[in-house]
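**Q** need a structure here:
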Amino acid sequence: MDEQIRIVERVKALLAHANQIEKSVAAAKARVDNLTQSILHQAFTGNLTAEWREQNPDLISGENSAEALLAKIKAEKQAKKAVKKK
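**A** Modelled structure (predicted):
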């Protein structure tokens, strides 16, 4: 009987520990989700790369600009279409 009581107490302790771990994991997941949202917000508002863009204007202008890249992509897409039609 004493051994059964010790087993039950040990199982209860392990379950309590498992519940505590589960709560810790849930709290960590919530923090990660908030951090992810914060990083995405900073990225989409341009705050993540503001300093880099100030330090490297030559890498984001002229032939490296978004407009130039988009034009290049469109041209490549048109070229692939032309090759497929032949």
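**Q** For the residue most central in space within the chain, give me its contacts.
**A** To find the centre residue of the chain, average its C-alpha atoms and take the closest one (CA atoms, centre = their mean): that gives residue 36, at 5.7 Å. Under the criterion of CB atoms under 8 Å, 6 or more residues apart in numbering, the contact list for residue 36 is empty. For glycine as for every other residue, the C-beta is placed from the backbone atoms N, C-alpha and C.
**Q** For it, report the pLDDT, please.
**A** Among the per-residue scores, residue 36 shows a pLDDT of 93.
**Q** likewise residue 67?
**A** On the pLDDT scale, residue 67 is placed at 89.
**Q** any idea which element it lies in?
**A** Under the criterion of DSSP states H and E, residue 67 resides in helix 66-85.
**Q** distance between that helix and the chain's centre?
**A** Mean-position distance between helix 66-85 and its chain equals 30 Å (CA atoms, centre = their mean, to the nearest Å).
**Q** which outside residues touch it?
**A** Helix 66-85 is contacted from outside by 60, 62, using CB under 8 Å, 6+ apart.
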